[in-house]
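In: Next comes the sequence, and after it the predicted model I'd like to discuss.
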Amino acid sequence: MFFKNNIIKASLISIIITGLILAFPVVISAGDYGFEDYLEAAEKGEEYPGLPGEGKVMGFANVMEGEGFYTNVRESIIEQAKLAGIDEDDLIIMNNDYDPDTAIRNADIMLSREPDGFIQFQADADVNEMISEDFGEASIPILAIDVPVPNAPFMGIDNWEVAQLAGEFAIKEIEDLWGGWDAVDLIVLLQNPAGGEVTMMRSEGFADAFIQEFGEDEAEERIVRTDGGIGEAGEAREAMSDVLAANPAANNIVVTTLNDQMMQGAISALEMMGYDPGNDVIAASQGADDVGQTLIREGRINGSVAYFPERYGEYAVPGMVALMEDKEVPDEIFVDNIVITPENIDEYYPE
């Protein structure tokens, strides 16, 4: 009887506890989650657990507008911000317009709006240093995209790795299309010194791939480095034209740029000088955005390392909302990369 009564009591207690749980469910807040949890939800396209962005104001300054890559980045960040629980009215979106002075003005306006966090996409390293100081004094966390901001997590490309990837691809193309190293007359690196050391890695890693394959003396003898501007087609076209004018005897040319817009300008300059991109040029670009995909499909470049800008928000927003909550975020958050070519473009970007 004693045993039976205990069973009855235990059953009653269990029923009571179950009823309490149903009546007063356990609420799991955003404080119970962190960056990795948000990253996992972002990759699945699901609401972030705990909705950590609810009631938060987030700022984002895009490096520029009007180009496919940067439009994709903006749209991805907006989409992910909503999944994090941030109301669209609480998103402050600005355009740095690839201009340092504009970026400084935008930062001042952003500071006056007092967001809970700020995602900065801006190409001038010196300006980013100034902005870091101002936001640090205001205790507003920053997450940097593609170009570092001091004292802020970096999200974007492992510049050295993507440059090496492009270089290795170009070396294989040289062998397959031209029969080997002896056919190469010139290797042109269109660089962006204003972007700082990290951005320079995006081309120097390309050069290093050739140095490792053919030796420093052999490679450097054919490498030309020049300032191709901050990422736009017009400046790159002028820079490439100057290189061609200084090297009129060059027949087979290898070229790499920091993005597809610069490559578009470089290819235009080559075509204007009579070069056939399908035969005389091996072009390895960076980004594989809408411009790069068009160049690939038109047969004007050999390939472009994909950055998948349409997924940037999947990395940036989890980092930003975690920073807003004063949670641990990796110093570097790198996206996945692959070389997009005519052979695989429809697999990743079907028409």
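Out: That came through fine.
In: Which stretches in this protein count as helices?
Out: Ranges of helices in the chain, per DSSP state H, are 2-23, 35-44, 68-83, 100-113, 125-137, 159-173, 197-214, 216-220, 233-246, 260-272, 290-297, 312-324, 345-348.
In: any chance of these in CSV, with mean neighbour count, distance to V184 and mean pLDDT too?
Out: Backbone N, C-alpha and C define where each C-beta goes, glycine included. Formatted as CSV, the helices of the chain follow (neighbours: other C-beta atoms under 10 Å; distance: least, C-beta to C-beta, whole Å; pLDDT from 0 to 100):
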stretch, mean neighbour count, distance to V184, mean pLDDT
helix 2-23, 9, 71, 46
helix 35-44, 18, 40, 97
helix 68-83, 21, 29, 94
helix 100-113, 17, 36, 96
helix 125-137, 17, 32, 93
helix 159-173, 21, 10, 97
helix 197-214, 20, 9, 94
helix 216-220, 14, 9, 97
helix 233-246, 19, 15, 97
helix 260-272, 24, 15, 97
helix 290-297, 20, 21, 95
helix 312-324, 27, 34, 98
helix 345-348, 12, 25, 97
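In: So which of those helices is nearest A152?
Out: Nearest of the helices of the chain to A152, taken as C-beta to C-beta: helix 125-137 at 6.4 Å.
In: returning to that earlier point: now distance to G59 too, for the helices of the chain, in CSV please.
Out: Listed next are the helices of the chain as CSV, based on distance: least, C-beta to C-beta, whole Å:
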stretch, distance to G59
helix 2-23, 40
helix 35-44, 18
helix 68-83, 11
helix 100-113, 5
helix 125-137, 10
helix 159-173, 25
helix 197-214, 22
helix 216-220, 43
helix 233-246, 28
helix 260-272, 25
helix 290-297, 26
helix 312-324, 9
helix 345-348, 31
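In: Looking at those, spot the one closest to I119.
Out: Across these, closest to I119 is helix 312-324 (C-beta to C-beta), at 5.6 Å.
In: now the closest one against helix 35-44, angle please.
Out: Here helix 312-324 points in a direction 150 degrees away from that of helix 35-44 (axes from the mean of the first three to the mean of the last three C-alpha atoms, to 10 degrees).
In: Give me the angle between helix 312-324 and helix 68-83.
Out: On the basis of the same axes, to 10 degrees, helix 312-324 is oriented at 50 degrees to helix 68-83.
In: Let the chain start at 54 from now.
Out: OK, 54 is where the count begins now, so the last one is helix 365-377.
In: what's helix 365-377 in contact with?
Out: With contacts defined as C-beta atoms under 8 Å, 6 or more residues apart in numbering, helix 365-377 is touched by 83, 87-88, 91-92, 94-96, 101, 105-106, 109, 111, 125-126, 128-134, 136-137, 139, 169-170, 172, 194, 196, 198, 206, 208-209, 381-383, 386, 388.
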